[in-house]
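Asks: Based on what follows, work out the 3D shape:
(chains A, B and C)
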Amino acid sequence: MPELPEVEVLVRHLAPLLRNKTVRNVQVRRVKVLAPTSSRKFARTLRGARFVGLSRRGKYLVFEFRAQNQTRTQILVGHLGMTGRMYLLPAAARLPRHAAVVLGLGREKFIFEDTRYFGRLTLDASVLARLGPEPLAREFTAACFARALSRSTQPIKIKLLDQSLVAGVGNIYASEALFRARLAPTLPACRLSNDQVDRLRRAIREVLREAIDCGSTVPLNYSGAGKSGRLFYFGRAPGSPDFYEERLRVYGRAGQPCVNCGSPIKDMLQAARRTFYCSCCQRPRGARTGRKSGVKSV
DNA sequence: CACCATGTTCCTTG
DNA sequence: CCAAGGAACATGGT
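Replies: Numbers count the residues shown, from 1 in each chain, chains lettered A, B, ... in the order given. Now for the predicted structure:
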């Protein structure tokens, strides 16, 4: 469920369901996902705790709770990794195969399920301090973005995945944002002009904002929504509008016509991650038609 | 069997 | 100390 918009939608969905619920019992089925918190400390801290709030930072979920007999609140940090999911089930329901942590809440139970166990649910909040600005907040300014980019010669696509640069962009929305900004994924980060930096900044915000809006209109019931991890990137939930599956303009569309110019979308590998782009709209020298200056002769 | 997948961290090298 | 590159983590789908 992994990038910022999916986490945001999940947080909005989960927040009212958890508010004021008390943890009656704690079941840890994969100690690994708690790291570096020990199983004992995790269970001891959460048993009897009451949820008071849930928010998001980058791709992380931040659960605020009040431990039993304590006045101050504490924080539980969640991350979905590649395949993680979090949801409530009736207390009597059978556990899914890869349930990593189960929190009994009375008549319901909170499930953290993760097929690959790359995700986290931990009392260690230190990761949050290393995150860059929230892309949808005021703090994500052109100036700070430009400064961060200027220090790197890496291709811009790879830089966008750096969570200390800006928090929450993942592999899918990195391709989407670059397409929207009409920037070549291979462009060295430090070579972007001020204008390009600002275009990219706006593109990131638009792409994430639209994805949140889109995901917010879809019921998060996890029941019928098909394959591919049941993420709202792919496919669509029954009854949801058609634009839902047309949301992604380049990601996963290799060979299909570009929605702008019709030339086939290409894909390549960058730092072992796939990148999708339009070689016509996202030219390294800018998206203009072929002229002498832009053509390399052999 | 081989390869691919929404993510992060650790290790090494320069 | 920092930037960059690559492997590792674990499982399932095609």
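Asks: can we go C-alpha only for contacts and neighbour counts from here?
Replies: Fine.
Asks: Quick check: the gap between the residue in the stretch 1-150 of chain A that DNA strand C sits nearest to and residue A:85.
Replies: The minimum distance from the stretch 1-150 of chain A to DNA strand C, using CA to the nearest atom of the strand, falls at residue A:116 (4.2 Å). From residue A:116 across to residue A:85, the span is 11 Å (CA to CA, to the nearest Å).
Asks: Equivalent analysis for residue A:159, please.
Replies: Distance, residue A:159 to residue A:85, by CA to CA: 26 Å.
Asks: So for those two, which sits in the more crowded spot?
Replies: Set residue A:159 next to residue A:85 and count neighbours by other CA atoms under 10 Å: residue A:85 wins out with 23 against 20.
Asks: what about the more buried one, which helix or strand?
Replies: Per DSSP states H and E: residue A:85 is located in strand A:84-90.
Asks: name the helices or strands packed onto that strand?
Replies: Using 3 or more CA pairs under 8 Å, 6 or more residues apart in numbering; DSSP states H and E, the elements in contact with strand A:84-90 are strand A:108-114.
Asks: what pairs with the next helix or strand after the strand it packs on, and is each one parallel or antiparallel?
Replies: Elements were assigned by DSSP H and E; along the chain past strand A:108-114, the next helix or strand is strand A:120-122. Looking at strand A:120-122 with DSSP bridges, its partner strands are strand A:73-79 (antiparallel).
Asks: If I take the strand it pairs with and strand A:84-90, what angle do their directions form?
Replies: Angle, strand A:73-79 to strand A:84-90, by axes from the mean of the first three to the mean of the last three CA atoms, to 10 degrees: 120 degrees.
Asks: so how far is strand A:73-79 off the chain centroid?
Replies: Using CA atoms, centre = their mean, to the nearest Å, the mean C-alpha position of strand A:73-79 is found 17 Å from that of the whole chain.
Asks: Then stretch A:185-203?
Replies: For stretch A:185-203, the gap between its own C-alpha mean and the chain's C-alpha mean amounts to 21 Å (CA atoms, centre = their mean).
Asks: contact partners of it?
Replies: Contact partners of stretch A:185-203, identified using CA atoms under 8 Å, 6 or more residues apart in numbering, comprise A:142, A:145-146, A:149-157, A:159, A:175, A:177-178, A:180-181, A:183, A:275, A:277, A:282, A:284.
Asks: Which of these fall within strands?
Replies: If you go by DSSP state E, these have A:275, A:277 in strands.
Asks: could you flag which of the contacts of stretch A:185-203 are buried?
Replies: A:142, A:145-146, A:149, A:154-157, A:159, A:175, A:177-178, A:180-181, A:183, A:275, A:277, A:282, A:284 (16 or more other CA atoms under 10 Å).
Asks: Please flag which of the residues you listed sit within helices.
Replies: Counted as lying in helices by DSSP state H, out of those, are A:142, A:145-146, A:149, A:156-157, A:159, A:175, A:177-178, A:180-181.
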